[in-house]
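**Student:** here is a sequence with its predicted model. Questions after.
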Amino acid sequence: SGVSFVSLIAPTEELFKTTIAFYKGLGFEEAFIYDRTLPHAKREVDHCRSSERESWLQNQVSQPTDSVTIKIRHVHRRFGSGAVKDNASPNYKEDWRGATPSVALYTSNVDEVISRLRAKKVEYQLYPEKENPVEV
């Protein structure tokens, strides 16, 4: 057994906070927080040395084997400056999926994800069709 997770780098505090808020808005919950500035904080082997702070978010599922962990890492700019790149506005007539690296997460409720993205006014694309999508 082991831990599977996705690690996302945020080189600014603002991006760190907004990334956490985005995933919480999709239903993830904060399972663990590491902040190196706190006097009681102890870096463990699973904390990255370059992390100023980490927030581990998990989805709530009935089976632990279906759990997904997203580790949001606030990394000082000198380590994470290449982590964020401005993207041009997407071309809505083309498939975005191959345009940049991506991670796919499974959900049993695609409609709920679509509803939450729509409520937050986040741009998204459905595949293969709008009426019965299998990917968002």
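**Tutor:** The structure has been received and is ready for your questions.
**Student:** in the helix or strand where Lys24 lies, what's buried?
**Tutor:** Element membership for Lys24 (DSSP states H and E) is helix 13-25. The neighbour-count check on helix 13-25 (16 or more other Cβ atoms under 10 Å) flags Leu15, Phe16, Thr19, Ile20, Phe22, Tyr23 as buried. No exception for glycine: its C-beta is placed from N, CA and C like everyone else's.
**Student:** was I right about the second one contacting His74?
**Tutor:** Which is Phe16. Yes: look at Phe16 against His74 with Cβ atoms under 8 Å: they come within range, at 3.9 Å.
**Student:** before we move on, the earlier item: tabulate the buried residues of helix 13-25 (TSV), appending pLDDT.
**Tutor:** Formatted as TSV, these follow (pLDDT from 0 to 100):
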residue	pLDDT
Leu15	91
Phe16	91
Thr19	92
Ile20	94
Phe22	91
Tyr23	91
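**Student:** I'd like those laid out as JSON lines, including distance to Asp111.
**Tutor:** Converted to JSON lines, these look like this (distance: Cβ to Cβ, whole Å):
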{"residue": "Leu15", "distance to Asp111": "29"}
{"residue": "Phe16", "distance to Asp111": "30"}
{"residue": "Thr19", "distance to Asp111": "24"}
{"residue": "Ile20", "distance to Asp111": "24"}
{"residue": "Phe22", "distance to Asp111": "19"}
{"residue": "Tyr23", "distance to Asp111": "19"}
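**Student:** mind listing the helices for this protein?
**Tutor:** Applying DSSP state H to the chain gives helices spanning 13-25, 77-80, 110-119.
**Student:** now the second one: mean pLDDT?
**Tutor:** Averaged over helix 77-80, pLDDT sits at 53.
**Student:** repeat for stretch 107-127
**Tutor:** 84.
**Student:** C-alpha coordinates for it, PDB please?
**Tutor:** Output of stretch 107-127 as PDB, limited to C-alpha atoms (Å, rounded to 0.1, in the frame of the first residue of the first chain):
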ATOM      1  CA  THR A 107     -15.900  11.100 -10.600                       C
ATOM      2  CA  SER A 108     -19.100   9.200 -10.400                       C
ATOM      3  CA  ASN A 109     -21.000  12.400 -10.800                       C
ATOM      4  CA  VAL A 110     -20.000  14.400 -13.900                       C
ATOM      5  CA  ASP A 111     -23.200  16.500 -13.600                       C
ATOM      6  CA  GLU A 112     -22.200  17.800 -10.200                       C
ATOM      7  CA  VAL A 113     -18.700  18.800 -11.400                       C
ATOM      8  CA  ILE A 114     -20.300  20.700 -14.300                       C
ATOM      9  CA  SER A 115     -22.700  22.400 -12.000                       C
ATOM     10  CA  ARG A 116     -20.000  23.500  -9.600                       C
ATOM     11  CA  LEU A 117     -17.800  24.800 -12.500                       C
ATOM     12  CA  ARG A 118     -20.700  26.600 -14.000                       C
ATOM     13  CA  ALA A 119     -21.600  28.200 -10.700                       C
ATOM     14  CA  LYS A 120     -18.000  29.500 -10.300                       C
ATOM     15  CA  LYS A 121     -18.000  30.700 -13.900                       C
ATOM     16  CA  VAL A 122     -15.000  28.500 -14.800                       C
ATOM     17  CA  GLU A 123     -14.500  27.800 -18.500                       C
ATOM     18  CA  TYR A 124     -14.800  24.100 -19.300                       C
ATOM     19  CA  GLN A 125     -15.200  21.800 -22.300                       C
ATOM     20  CA  LEU A 126     -17.300  18.600 -22.500                       C
ATOM     21  CA  TYR A 127     -16.200  15.500 -24.400                       C
END
